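Enquirer: here you go, sequence then predicted model.
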Protein chains: 2
Amino acid sequence: MRIKHLATLVAAAIVTSSFQLPALAQDMAAEDATPALTQAQARTADRLIDAALEDDLAWDILESLTTEVGPRLGGSPAEARARDWGAAKLKALGFKNVRIETFEMPYWERVSETAEIVAPYTQQLKVTALGNSVATPEGGVTAEVVRFRTLPELQDAPLEGFEGKIIFVDEVMTRTQDGSGYGWAVAKRSGAANEAARRGAVAALIRSAGTSAVRTPHTGMMRYAEDVTPVPIAALSNPDADMLVRVMKRADAPVKVKVDLSVMTKTEVQSGNVIGEIPGKTDDIILVGGHLDSWDLGTGAVDDGAGVAITTAAAKLVGDLRGKPTRTIRVIMWGSEEVGLLGAQAYAAAHADELDRHVLASESDFGAGKVWQFRTGFAEDALPKAEVYQKALRRLGVGPGSNDASGGPDVGPLRMSGVPVFSLYQDGSDYFDLHHTMEDTLDKVDLESLRQNVAAWAAAIYIASELEGDYRAKTETP
Amino acid sequence: MRIKHLATLVAAAIVTSSFQLPALAQDMAAEDATPALTQAQARTADRLIDAALEDDLAWDILESLTTEVGPRLGGSPAEARARDWGAAKLKALGFKNVRIETFEMPYWERVSETAEIVAPYTQQLKVTALGNSVATPEGGVTAEVVRFRTLPELQDAPLEGFEGKIIFVDEVMTRTQDGSGYGWAVAKRSGAANEAARRGAVAALIRSAGTSAVRTPHTGMMRYAEDVTPVPIAALSNPDADMLVRVMKRADAPVKVKVDLSVMTKTEVQSGNVIGEIPGKTDDIILVGGHLDSWDLGTGAVDDGAGVAITTAAAKLVGDLRGKPTRTIRVIMWGSEEVGLLGAQAYAAAHADELDRHVLASESDFGAGKVWQFRTGFAEDALPKAEVYQKALRRLGVGPGSNDASGGPDVGPLRMSGVPVFSLYQDGSDYFDLHHTMEDTLDKVDLESLRQNVAAWAAAIYIASELEGDYRAKTETP
């Protein structure tokens, strides 16, 4: 697709919009009054949306990251290249205080992964090792497969009788708009391995924790419990899980599978968060971003190049307004999210002494589907402010949501420390067809949906910067 | 999916239908009269359709073949297992004169295939070698890529200036219902390799001759021209071709790709056609079938396990009618279609002396999409008979078609020898998302569409067996 760089032109056209001084209406908005934007601010938010809906910057950022860097596993040399890319991109776009905040981490990398049914029929199976899985012994393991329809079925099974077997958890993930199907599907990643280990099995297989109908198995991190001797674990694509089920149904003899996984680990490598800012009139911070690392199988387009591109492009649009924003807009490209929220933890630790100046935080990390809901994680008495956002976003088809937003995985530690959050919920109906698979590539992203995201984020960032008052419980902010 | 074996029950319910003796109405249908079924025959055709629409035999055959045999490349040991499977299946279903007619052939097999962009960015590319491609030199070839948007663009390019390069033909295949997009897309398979060879290139790459939006490159046979020194050729998946295009667009330096293909060949292996019959009252033959071999990447569900299953199940339904059909119904599972119509050629040669007794021939080889059109390859003066078929098939949504039917690839040599043919055209809109890729698996087949195919075939086979008169030009059948 050939994209003209309209965004700059459009941004120029709205540069006459500006950050307004607090107007009389807002000055009068004491704590017991209804919060609101001034008319001028409302117009600016609306023009930001107009501009974003013709924005090509997000697409260009996303194309650049996925094409020039590609897959960028947390802790890998590719992720280091992505950090350099991110810092250069933020500088080129005019962000200030651009820096890379590094941290150390352990490293895991897949080397090779194959599986096949060897008896009573032979069939190649498409598999992928789960992150952190141990390798199989050299040459792989071959054993009879025992199938469980769900993780709880395995958990309820006796501890005896599965020695030397391969445990197969066939649980199917449910497709949902809000991604909630993933929440419980993902439990089998660690669960299957640990339950298999407790039963003396030699390996575990799971049906992918993804909804894809094609032969692209779905990876993701798992953790061994402290009480087990780790056994290797891999995911089958949905069609390959179907094949294994059919073979087990038709076979009149035990079904044996060979699994051969090879991995490489290092005890300490470097990762980091990339940060840039649009300095405000105050030190108060609006923190937005996506995560820079990706799984190795695809090129990290929807997970989470899109989040990086959307939030960077949206912040850039706000930064292009005349004058300084009231609050500082900090854009962060989180490092090593996939492998354990390591960038999130590092940031929360390094910035512990300024967390009280984080007015709002949010991450875009759910692909490039259209935003359909604005959820909050505000103190109860700040909830009327949510209506200001919802009013501005309504033209984009974004409706009101509950007050239980997580804000995104990387802002979890901040939220736990009392930082208010919001979530621009994206339509994730198709997200788990792509997420954590080799199909996570740019061609799956829809330009119009990407623009709608930028529009919602630009408006939200602007409002977060300009709307008076904060979102914390009053007891926390006397 | 759990399938009950209803087909046998349903067939039993219609066993009271039977092959009618030529009735008065048909006796009266002299050559100058309108051909027609008797009322009883029309009712039988209709009941066959009713039965087929609840048929599970086709699904069971297809599940059995794809699950118990799996991929079955022409000439491979797996294809030999498929022949044994086919003969056993036909015998178990009650077909007579079941036999395997073997022939010798040369053999080609893929061993390994990788490609990556190595400069100025690094990206893994999903590729697959085209059938009959030579290998790259040990360790692969690395060279600058030169892109052509279409095959004719390459054909028009000068013969000088491409020495040592990798030629990339980026032509996009057009999605069509009738599969006609494949007809011209496929020319680039041999064309790109031969044009590259004539220009001293070290390898050729093509965008897959398929419509899939996922990273599953599309294989298929190619042939070197006699005047060239063969260069290796592989296909990129559509998303990977997109990636290569993006890299070429964004790069400010030559784009280099490494291609590493390894293949194995043998001069002579065995293949064969599997044949079974429902003997008729006469020696006249209605020849139907699908091809048994498949490409190695998937499990040959839509190409062409479906055709094998549909025609076998349809013939079985007709065979379950009371009494003998008028004509002999011969079911053939063609061998080594993909690698050059070798079974077709072997059959035409071996049966040359009985081709005049082949009243009609047809192959089902276009997946499992619903039949939407009945096309013929009849002599002009036999065309009124097409209306008898169309009338019976109309309730299935099958409309009239032209008189240029090929009858399917494996009946080509028969058609060339004067055997009339028909084609039950299937909706192929999605066929080339699956065909010749690793996604050609059972889970992509829709049961209701499969049943509709069986229904159309059962009716067509029955009519072909019972309708008086033939389909040849009068000069050929005096």
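Expert: Structure received. Predicted, not measured: the structure shown is a model, and the values here were computed from it.

Enquirer: which regions of chain A sit below the pLDDT cut-off?
Expert: Scanning chain A for pLDDT under 70 picks out A:1-17, A:20-33, A:475-478.

Enquirer: which bits of it sit near chain B?
Expert: Contact residues, chain A versus chain B (CB under 8 Å from any CB of the partner chain): A:63-64, A:67-71, A:121-124, A:126, A:213-216, A:238-239, A:242-243, A:246-247, A:250, A:299, A:438-439, A:441-444. C-beta here means a position set from N, CA and C on the backbone, and glycine is covered the same way.

Enquirer: tell me the buried residues in the one helix or strand A:Thr312 maps to?
Expert: Assigned by DSSP states H and E, A:Thr312 falls within helix A:306-319. For helix A:306-319, burial by neighbour count (16 or more other CB atoms under 10 Å in any protein chain shown) applies to A:306-319.

Enquirer: where exactly do the helices run in the stretch 201-350 of chain A?
Expert: Counting by DSSP state H, counting those that start in this stretch, the stretch 201-350 of chain A has helices at residues A:238-250, A:306-319, A:342-350.

Enquirer: quick one: residues contacting A:Ser112.
Expert: A:Asp260, A:Leu261, A:Ser262 (CB atoms under 8 Å, 6 or more residues apart in numbering or on different chains).

Enquirer: skipping adjacent residues, who's closest to the first one in space?
Expert: In space, A:Asp260 comes closest to A:Gly140 once its chain neighbours are excluded; the distance is 3.1 Å by CB to CB, 6 or more residues apart in numbering or on different chains.

Enquirer: burial count for that neighbour?
Expert: For A:Gly140, the count of nearby residues is 19 (other CB atoms under 10 Å in any protein chain shown).

Enquirer: kindly report the same for A:Lys91.
Expert: By the measure other CB under 10 Å, the count of residues near A:Lys91 is 12.

Enquirer: quick one: contacts for it?
Expert: A:Val98, A:Gly276.

Enquirer: next one: the one 10 residues further on
Expert: With contacts taken as CB under 8 Å, 6+ apart, A:Glu101 has the following neighbours: A:Gly272, A:Asn273, A:Ile275, A:Ala346, A:Tyr347, A:Ala350.

Enquirer: ok, of the residues of chain A next to chain B, which come out buried?
Expert: A:63-64, A:67-71, A:121-124, A:126, A:213-216, A:238-239, A:242-243, A:246-247, A:299, A:438-439, A:441-444.

Enquirer: pull the number of nearby residues for the residue nearest to A:Met264 when sequence neighbours are not counted.
Expert: Distances taken as CB to CB, 6+ apart put A:Glu109 closest to A:Met264, at 4.7 Å, once the chain neighbours are dropped. For A:Glu109, the neighbour count with other CB under 10 Å is 16.

Enquirer: what about A:Glu109, which helix or strand?
Expert: Assigned by DSSP H and E, A:Glu109 falls within strand A:96-119.

Enquirer: return the distance of that strand from the chain's centre.
Expert: 16 Å (CA atoms, centre = their mean, to the nearest Å).

Enquirer: now that strand against helix A:342-350, angle please.
Expert: Orientation check (axes from the mean of the first three to the mean of the last three CA atoms, to 10 degrees): strand A:96-119 against helix A:342-350 gives 140 degrees.

Enquirer: list phi and psi for A:Gly94.
Expert: phi 90, psi 10 (degrees, to the nearest 10).

Enquirer: spell out which residues make up each domain of chain A.
Expert: For chain A, the structural domains run A:6-106+A:268-466, A:121-254, going by automatic domain parsing.

Enquirer: mind checking the end-to-end distance for the shortest one?
Expert: Across its full length, domain A:121-254 reaches 10 Å end to end, with CA to CA, to the nearest Å as the criterion.

Enquirer: count of residues packed around the closest residue to A:Leu342 other than its chain neighbours?
Expert: Of all residues not flanking A:Leu342 in the chain, A:Ser336 sits nearest, at 3.9 Å (CB to CB, 6+ apart). Look at A:Ser336: counted by other CB under 10 Å, it has 30 neighbours.

Enquirer: tell me who's in contact with A:Ser336.
Expert: By CB under 8 Å, 6+ apart, the neighbours of A:Ser336 are A:Gly74, A:Gly75, A:Glu79, A:Met105, A:Ser271, A:Asp293, A:Leu342, A:Gly343.

Enquirer: hey, what's the fourth one bridged with?
Expert: When you say that, I think you mean A:Met105. Beta-bridge pairing for A:Met105 (DSSP bridges): A:Val269.

Enquirer: tell me the contacts of the residue nearest to A:Arg322 when sequence neighbours are not counted?
Expert: Take A:Arg322 and drop its neighbours on the chain: the residue closest to it by CB to CB, 6+ apart is A:Ser18, 3.6 Å away. For A:Ser18, the contacting residues are A:Thr44, A:Leu321, A:Arg322, A:Gly323, by CB under 8 Å, 6+ apart.
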